[in-house]
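Undergrad: Below are the sequence and a predicted model; questions follow.
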Number of protein chains: 2
Amino acid sequence: MSSGVWFPTLGLVAWLCCLSLGPVQGGKILVLPVDGSHWLSMKILVKELSRRGHDVLVMVPECSLLMKGSDSYKTEIYKVPYTKDDLDGSFKRLKDSLFIKPPSITDLFVNVERLVNFTSMQVKGCESLLNNHPLMTRLREEGFDLLLTDPFLPCGSVLAHMFSIPAVYFLRGLPFDLDSKASQRPSPLSYVPLAFTGNTDIMTFPQRVKNMVMFFVESYMCKVVYSHFDDLVSRYIGDGMTYKDLLGHADFWLLRYDFVFEWPRPLLPNMAFIGGINCGNASPLPEDLEEFVDGSGDDGFIVFTLGSMVSIMPEEKAQHFFDAFRQIPQRVVWRYTGVPPVDAPKNVKLMKWLPQNDLLAHPKAKVFITHGGTHGVYEGICNAVPMLMFPLFGDQGDNVHRMVSRGVAEKLEIYDVTAEKVVTALNNLIHDKSYKEKIMEMSAIHLDRPVEPLELAVFWTEFIIKHKGAKHLRIAAHELNWIQYHSLDVIGFLVIILLTVLFVTFKCCLFCTRKCFRKGTSKKKKE
Amino acid sequence: MSSGVWFPTLGLVAWLCCLSLGPVQGGKILVLPVDGSHWLSMKILVKELSRRGHDVLVMVPECSLLMKGSDSYKTEIYKVPYTKDDLDGSFKRLKDSLFIKPPSITDLFVNVERLVNFTSMQVKGCESLLNNHPLMTRLREEGFDLLLTDPFLPCGSVLAHMFSIPAVYFLRGLPFDLDSKASQRPSPLSYVPLAFTGNTDIMTFPQRVKNMVMFFVESYMCKVVYSHFDDLVSRYIGDGMTYKDLLGHADFWLLRYDFVFEWPRPLLPNMAFIGGINCGNASPLPEDLEEFVDGSGDDGFIVFTLGSMVSIMPEEKAQHFFDAFRQIPQRVVWRYTGVPPVDAPKNVKLMKWLPQNDLLAHPKAKVFITHGGTHGVYEGICNAVPMLMFPLFGDQGDNVHRMVSRGVAEKLEIYDVTAEKVVTALNNLIHDKSYKEKIMEMSAIHLDRPVEPLELAVFWTEFIIKHKGAKHLRIAAHELNWIQYHSLDVIGFLVIILLTVLFVTFKCCLFCTRKCFRKGTSKKKKE
């Protein structure tokens, strides 16, 4: 046996060519994205696939927030039964609600209500697409090799199933861990903390009880939240299929996190971790911005944004931040489209949109004030900038909890923020060196990986195209029902066997004892 | 937010340099290998680590089968309480037993007995190393950064624990799946088939019952097989630690398979799959061998070897093979050191040692006759050569079962082999195109990977050195006992709460009912 690195021989190369190994040529990819920040990271993969010669078609609803046409890929605009005003109105309601504190016991329910409101309009858009028969026929006839989608909305999964093409899912995670449930990823409740529990992977007994109770609450909530998805799936696919069942058909899961951020937990062979895919190469800053941040001297500067959706806040809320920034020597770059006060401090630069990653990559960036969306969190990790976090909704509370638990961030609530709280938190983050040290360690581990996230995402997408799926990575749990999966039928059977054996043995012993006893008695009688 | 591929900025580069990202310089690695074929693949990684500038020291027992000194890495020869004759004698007894058929019901027990005999001598060697105090002191003072070992024997794990250095495990899998048990990898019995059951990942009800029964048998066997390992661990480490507990401290598992070969099953964050690491680059064949195989014309040739340990077989057994080869048009290259018969057919070339991978990489290789060791199996997969398999002992039966189930191999038993059986199997493998097609598909999938196995093994070894372990990849299950892991305490607690609530409610209702009833009765009485 010879050793060393493997290189294919000539004969093998000939075979492999037949099997179209190596960069796949001209795969036809249909993309069903989710609007908003979800699209921002998927776009990176879509552009790269297109750059590598794939024929990519992105489905875009005629009213959208962040999705537009592009020279890098083809788009197909489809009609939706709502106007841009409806969409903006819906998002405004969501945004306005973020600054009002709900009683903490109802946190989960408020989040669920927001989630259902947030998705219901987009689900209507999805239905409108599925009912567009001429477009559906045309898409089907295109003969796509693969469907790339974010399963936060059900449209892509339904299309993949209807067109019988492999599906690759691109996501951070679904509400109530539906992705884990659907993929049958083992998630022991004893060390996999559920959302909204505030638990980490190491739990005390009461925390484990809370985790278990939350499991039952989640199971119920899951039914509520996904009921309109289930309806849609059952109407367009039938067979009594639920959305969870449909997701179980995924060929591959591209998960937008890694174990620097997420608590370590079991995974499945058809999963890859692409956390940090959005930490693009930092471009030079525009001249005026570079001048502003560079002029911050040794004190450095702070980057402040609450994500792609929230660029405004009630004036009295904003006033707290202006008051706080007046008290610190750092400069602040803030994405804020509200009206600034007359006495706005000079160390604050307000912008309509800011180059977040480029700013965080600047060596003078000291703190990142963020809402805790995973895109921002990963840009903070990549560039090793400690964070002051204001979770607003959805998974942000859990994202923030992860960063705070790891000692790289401080958390404040937007509901009861004051200038003092902000100043204290910023001073802690800047002057207590442990925040910076820990996030530098975290960043170093995150960036030390065998393949870059974008490269990995492209690899697996092309793999699924080349090999028409990845059956060899699919666990056989999908062929089992709940009773079979947990071997309850087998355990029941073995218990019956055991009891029968015990019963028969007992009866035999009883029979023998009686026989002996009778013999003894009759002998005695005879005597 | 900007998009695109990530490149660190200047400021970040400065930090990362402090954290020694990039190729680690001069890590000090202590290697505790396992003799025999296990060493052949580990040697590939050891050589590569050494080539990349690491200071590698390999511990070699003074009597060994395949381990030798090398210019590529340093070796330290240590004394063992047995001679080369003892070692050869022990292996001869093992090899002789392989050609005698045990009753199939005792298959498992015979394998266990062979395993215990096979390891006990090497465990004595390990003890001798651990008792060599001057050497131990010297090794401890060397200040190694990492211990690389094959946990098939316990010496490496014990040393890593004693020296408090991170441990990387390099293995195919341990008998009775101890690696999964120790790493707390979830392995549901409903779709993860156990060894010696002949099950695949898709099981009927009786097969699942068999799997469950085997689980109990295995649990018992595990105690028997690893009892002398447990003794050793408890003597040298104490704390009532078992070998399984010790293995649970692994920093990283390099697993020598992938899901082309293995049934898909859950994995853990600190595992990487390096199956095929031994498929080295095929070198040109020696001139006479090239002439022999090339002269086989369109009929091609067959590669025949039963692994690194078995190059001889009883004469009457060999005669069957000679008789079979006489009847086929293919040429045969056979690793056989026995005495050939006078009338040995001309199409057979006997060799003492053959360049297995180089031969399999030859485009005229038609069939690979093998015992089903994973090294050979992966060389067959890499080069897409269908196999005729004669499992001899250990995991080979299961390896063969995997390949036969996937339709890329035929299996025969060495006990009752006849010329006719061999000829029929070879003709099937050569003339039924499905074998070749399936193994070509398998090979294409196996070879299509984001990182080459050797590169991946080096990456993770260097990662563990740079970051002094991989705590962020370690599941918190290791902090839990069996009851906590399965949440039995939490379930018990919740059941008690539920019963108490029910009981109190019932008592309250009863009390109220009685109260009402009494009132009614006294009213009636009064009336």
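TA: That came through fine. Numbers count the residues shown, from 1 in each chain, chains lettered A, B, ... in the order given.
Undergrad: can you pull the buried residues of the one helix or strand residue A:92 maps to?
TA: Per DSSP states H and E: residue A:92 is located in helix A:84-97. For helix A:84-97, a neighbour-count test (16 or more other CB atoms under 10 Å in any protein chain shown) marks A:87, A:90-91, A:94-95 as buried. To be clear about C-beta, it is placed using only N, CA and C from the backbone, and glycine gets the same treatment.
Undergrad: What is it packed up against?
TA: helix A:107-130 (3 or more CB pairs under 8 Å, 6 or more residues apart in numbering or on different chains; DSSP states H and E).
Undergrad: my guess is residue A:56 is in a helix, correct?
TA: No - using DSSP: H, G, I helix; E, B strand; the rest coil, the secondary structure at residue A:56 is strand, not a helix.
Undergrad: quick one: it and residue A:33 touch, right?
TA: No - if you go by CB atoms under 8 Å, residue A:56 and residue A:33 don't touch, sitting 11.2 Å apart.
Undergrad: shared neighbours of these two, anything?
TA: Residues touching both residue A:56 and residue A:33 (CB atoms under 8 Å, 6 or more residues apart in numbering or on different chains) are residue A:46.
Undergrad: Which pLDDT value belongs to the residue of the stretch 301-450 of chain A found nearest chain B?
TA: In the stretch 301-450 of chain A, the residue that lies nearest chain B is residue A:363 (2.8 Å; CB to the nearest CB). The confidence metric pLDDT takes the value 95 at residue A:363.
Undergrad: returning to what we had before: please dump the buried residues of helix A:84-97 into CSV; it should also carry pLDDT for every row.
TA: Formatted as CSV, the buried residues of helix A:84-97 follow (pLDDT from 0 to 100):
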residue, pLDDT
A:87, 82
A:90, 78
A:91, 77
A:94, 75
A:95, 75
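Undergrad: Show me which of these is closest to residue B:168.
TA: In terms of CB to CB, no member of the buried residues of helix A:84-97 lies closer to residue B:168 than residue A:94, at 48.2 Å.
Undergrad: can you tell me which residues contact that closest one?
TA: Applying CB under 8 Å, 6+ apart, the residues contacting residue A:94 are A:114, A:117-118, A:309, A:393.
Undergrad: rerun that using 10 Å as the cut-off
TA: Contacts for residue A:94 (CB atoms under 10 Å, 6 or more residues apart in numbering or on different chains) come out as A:114-115, A:117-118, A:309-310, A:392-393.
Undergrad: Of those residues, grab the buried ones for PyMOL.
TA: Buried residues among these (16+ other CB under 10 Å), as a PyMOL selection:
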select buried, chain A and resi 114+115+118+309+310+392+393
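Undergrad: Establish whether the helix or strand residue A:462 falls within and chain B are in contact.
TA: Applying DSSP H and E as the criterion places residue A:462 in helix A:453-466. Yes - Helix A:453-466 comes into contact with chain B (CB under 10 Å from any CB of the partner chain), by way of A:453-456, A:458-460, A:462-463, A:466.
Undergrad: Which secondary structure state is assigned to the residue of the stretch 301-450 of chain A closest to chain B?
TA: The three-state label given to residue A:363 by three-state DSSP is coil.
Undergrad: wait, does the next helix or strand after the helix holding residue A:462 make contact with chain B?
TA: Tracing the chain past helix A:453-466, the next element assigned as helix or strand by DSSP H and E is helix A:482-485. Yes - judged by CB under 10 Å from any CB, helix A:482-485 comes into contact with chain B through A:483-485.
Undergrad: Show me which residues of helix A:482-485 are buried.
TA: For helix A:482-485, a neighbour-count test (16+ other CB under 10 Å) marks A:484-485 as buried.
Undergrad: Can you point out the buried residues in the helix or strand just after that helix?
TA: Where DSSP H and E defines the elements, the next helix or strand beyond helix A:482-485 is helix A:488-526. For helix A:488-526, a neighbour-count test (16+ other CB under 10 Å) marks A:490, A:493 as buried.
Undergrad: Remind me what helix A:488-526 packs against, helices and strands.
TA: Helix A:488-526 sits against helix A:482-485, helix B:205-225, with contacts defined as 3 or more CB pairs under 10 Å, 6 or more residues apart in numbering or on different chains; DSSP states H and E.
Undergrad: Let me know whether the strand or helix carrying residue A:40 sits next to chain B.
TA: Element membership for residue A:40, per DSSP H and E: helix A:37-51. Yes - using CB under 10 Å from any CB, helix A:37-51 comes into contact with chain B via A:37, A:40-41, A:43-48.
Undergrad: quick one: which of those residues has the most company?
TA: Using other CB atoms under 10 Å in any protein chain shown as the neighbour test, the residues of helix A:37-51 next to chain B are led by residue A:41, with 29 neighbours.
Undergrad: Quick check: that one touching residue A:47?
TA: No - applying CB atoms under 10 Å, one finds residue A:41 not in contact with residue A:47, separated by 11.1 Å.
Undergrad: Point out where the stretch 151-300 of chain A drops to low pLDDT.
TA: For the stretch 151-300 of chain A, applying pLDDT under 70 flags no range at all.
Undergrad: Angles on the backbone of residue A:60, please.
TA: phi -120, psi 130 (degrees, to the nearest 10).
Undergrad: the domain parsing of chain A - what is it?
TA: What automatic domain parsing lists as the domains of chain A is A:24-258+A:452-474, A:287-447, A:481-505.
Undergrad: can you give me the strands for the stretch 201-350 of chain A?
TA: Under the criterion DSSP state E, counting those that start in this stretch, strands of the stretch 201-350 of chain A are mapped to A:252-255, A:271-273, A:301-304, A:331-335, A:348-351.
Undergrad: Which other helices and strands does the shortest one contact?
TA: What it means is strand A:271-273. Contact here means 3+ CB pairs under 10 Å, 6+ apart; on that basis strand A:271-273 packs against helix A:178-183, strand A:252-255, helix A:453-466.
Undergrad: nearest to residue B:68, of those?
TA: helix A:453-466 (38.6 Å).
Undergrad: packing partners for that closest one?
TA: When contacts are defined as 3+ CB pairs under 10 Å, 6+ apart, helix A:453-466 sits against strand A:28-32, helix A:37-51, strand A:146-149, strand A:167-171, strand A:252-255, strand A:271-273, helix B:433-447.
Undergrad: sorry, back to before: possible to save the helices and strands packed on strand A:271-273 as JSON lines with mean neighbour count?
TA: JSON lines is the format used below for the helices and strands packed on strand A:271-273 (neighbours: other CB atoms under 10 Å in any protein chain shown):
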{"stretch": "helix A:178-183", "mean neighbour count": "21"}
{"stretch": "strand A:252-255", "mean neighbour count": "22"}
{"stretch": "helix A:453-466", "mean neighbour count": "22"}
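Undergrad: just so I know, which of those lies nearest residue B:444?
TA: Residue B:444 sits nearest to helix A:453-466 of all those, at 8.2 Å, using CB to CB.
Undergrad: Which residue is the nearest non-sequential neighbour of residue A:335?
TA: residue A:305 (4.0 Å; CB to CB, 6 or more residues apart in numbering or on different chains).
Undergrad: hang on, that neighbour packs against residue A:337?
TA: No - look at residue A:305 against residue A:337 with CB under 10 Å: they stay out of range, at 11.2 Å.
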